[in-house]
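J.: Sequence and predicted model, in that order:
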Amino acid sequence: MEKLINYLKGLEGKKVLIATHHNADIDAVASSIGLSLGLEQLGINTSVGVGESVSRGAKKLASNYEILIDPDCDEFDYVILVDTSVEEQLNTLKNLRGDAVIDHHPEGKFAKDVPSLIKTESKSSAQLVYKVLEKLDCEITKKMAMVLCAGIVADTAHLRLADADVFKVLTELLKTGIEFKDVLNSIQTPTDPSETIAAMKAANRMEGYRIGDLIIFTSKISSHEAPAARALIRIGADVAIVAAVKKKELRISSRARHKILDYGIDLSVIFKKVGEIINGNGGGHNMAGSANGKDMKAVDDALTFILKEISEKVGKDIEKLD
Ligand SMILES: [Mn+2]
């Protein structure tokens with residue numbers, strides 16, 4: 001930290017690029033903008049750059065600021081990397097280099113032997129940027145507080161993963177007079193109407209099952225199966241399985257609540273087998289399995305198989321709900 005602070009103090013009058021990873025998420029964008037606003041107070045000429053693109057979720061937050069896409073590092077005196085220090089996440093930048101790093105991910109190639117603040121225990125990079133700006137005696141403006149709060153909220157899954165330090169930093173940022181509801185609003189992404197329509201169709205055609213204390217919803221639509229499965233979880237399913245039956249392909253997506261882990265249910269394992277049933281591939285995560293295949297006629301076999309697997313793990317029969 002000390003080394004980084006002294007380094008940043010020496011950048012007055014210099015042209016500095018603050019760069020972050022490709023498909024930059026809210027924390028990456030927020031940390032970069034927050035740092036940029038703070039360093040400008042020290043008379044440093046900063047630009048913010050990302051590799052490839054700003055993610056869909058971060059577009060709204062980024063819209064009020066100038067963000068360079070794939071800038072050329074050679075056009076800057078110094079390059080500070082934020083929220084990453086890994087080459088693969090930055091390699092679309094021209095003449096890529098890193099002269100300093102602020103990050104909450106494990107140290108990558110560019111973090112070696114440069115001034116840095118790397119704390120993997122920090123829930124967001126935005127918190128680390130706040131601490132750096134505080135040490136630099138920057139005035140935390142409302143603008144800075146808004147973006148840094150947004151980064152923290154996003155990287156903690158809307159505070160579900162928050163720890164004491166998150167609340168401590170948030171409290172300091174909110175003391176600038178910003179409203180928390182405005183922070184939430186700044187990172188709310190507009191829903192894609194086609195996803196909403198898919199969710200409506202999935203709900204409309206849904207079938208319900210009860211296996212022990214688990215409620216399972218299944219449905220068949222023609223596209224957007226993953227957001228539709230998430231929507232069925234939001235209306236109360238413990239497990240949601242949505243199949244998209246297309247002309248030449250069958251895609252099945254599932255989501256589940258934590259509860260299934262108590263029964264040793266792992267959707268990635270089940271969906272690996274589903275992939276075989278529908279003549280394709282499957283996998284995913286324990287609470288989000290998916291499979292794609294060529295055998296559209298096997299859709300009901302696949303759904304039945306999934307219900308049976310869950311039934312076996314829970315040790316209860318499948319009860320159809322009407
Ligand atoms: Mn992050």
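T.: Nice, I can see it. Remember, predicted model here, so these are calculated numbers, not experimental data.
J.: So which residues on the stretch 1-150 of the chain come close to the ion?
T.: 27, 83, 125 (CB under 5 Å from the ion). C-beta coordinates here come from the backbone N, C-alpha and C atoms, glycine included.
J.: ditto for the stretch 151-300 of the chain
T.: Checking the stretch 151-300 of the chain against the ion by CB under 5 Å from the ion, the hits are residue 155.
J.: Repeat the analysis, applying 8 Å as the threshold.
T.: By CB under 8 Å from the ion, the residues of the stretch 151-300 of the chain that approach the ion are 151, 155.
J.: Excluding its own residues, what touches the helix or strand of the chain with the lowest mean pLDDT? List them.
T.: Lowest by mean pLDDT, DSSP states H and E among the helices and strands of the chain is strand 280-285, with a mean of 93. For strand 280-285, the surrounding residues in contact (CB atoms under 8 Å, 6 or more residues apart in numbering) are 250, 252, 254, 267-268, 271-276, 289-295.
J.: Out of the residues you listed, list just those in helices.
T.: 267-268, 271-276 (DSSP state H).
J.: Pick the one among those closest to residue 53.
T.: Ranked by distance to residue 53 (CB to CB), the ones in helices among the contacts of strand 280-285 are led by residue 268 at 28.2 Å.
J.: Spatially central residue in the protein, please.
T.: residue 25 (6.5 Å; CA atoms, centre = their mean).
J.: ok, now which ones touch whichever residue of the chain sits closest to the ion?
T.: Going by CB to the ion, the ion is nearest to residue 27 of the chain, at 3.4 Å. Residue 27 makes contact with 83, 124-126, 151-152, 154-155 under the criterion CB under 8 Å, 6+ apart.
J.: What is the subsequent helix or strand relative to the host helix or strand of it?
T.: Taking DSSP states H and E as the definition, residue 27 sits inside helix 26-41. Toward the C-terminus, helix 26-41 is succeeded by strand 45-50 as the next helix or strand (DSSP H and E).
J.: And that next one, what's buried?
T.: 46-50 (16 or more other CB atoms under 10 Å).
J.: Farthest-apart pair in these, please.
T.: Among those, 46 and 50 lie farthest apart (CB to CB), at 14.0 Å.
J.: rewinding a little: which of the contacts of residue 27 has the most neighbours?
T.: Ranked by the number of neighbours (other CB atoms under 10 Å), these place residue 126 first, at 37 neighbours.
J.: On the three-state scheme, that one is what?
T.: Under DSSP: H, G, I helix; E, B strand; the rest coil, residue 126 falls in the helix class.
J.: what does residue 117 give?
T.: Residue 117 ends up strand, using three-state DSSP.
J.: show me the contacts for it.
T.: Per CB under 8 Å, 6+ apart, neighbours of residue 117: 1, 4, 101-103, 128, 131-132.
J.: Out of those, list just those in helices.
T.: Per DSSP H, the subset of those in helices is 4, 128, 131-132.
J.: Next, the closest residue to residue 22 other than its chain neighbours: phi, psi?
T.: Nearest non-adjacent residue to residue 22, counting by CB to CB, 6 or more residues apart in numbering: residue 51, 3.5 Å away. Dihedral angles of residue 51 (phi, psi; degrees, to the nearest 10) stand at phi -80, psi 140.
J.: residues contacting residue 51?
T.: Applying CB under 8 Å, 6+ apart, the residues near residue 51 are 19-24, 69-70, 89-93.
J.: follow-up on the earlier one: mind giving me JSON lines with the buried residues of strand 45-50 and columns for pLDDT?
T.: Formatted as JSON lines, the buried residues of strand 45-50 follow (pLDDT from 0 to 100):
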{"residue": "46", "pLDDT": "98"}
{"residue": "47", "pLDDT": "98"}
{"residue": "48", "pLDDT": "98"}
{"residue": "49", "pLDDT": "98"}
{"residue": "50", "pLDDT": "97"}
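J.: what residue ranges in the protein score low on pLDDT?
T.: Residue ranges of the chain with pLDDT under 70: none are present.
J.: Helices of that one, residue ranges please.
T.: Using DSSP H, helices in the chain cover 2-9, 26-41, 59-62, 125-135, 142-155, 164-174, 180-186, 193-204, 225-234, 267-277, 299-314.
J.: elements contacting the fourth one?
T.: The reference is to helix 125-135. Where contact means 3 or more CB pairs under 8 Å, 6 or more residues apart in numbering; DSSP states H and E, helix 125-135 is packed against helix 2-9, helix 26-41, strand 100-103, strand 116-118, helix 142-155, helix 164-174.
J.: All set now, cheers.
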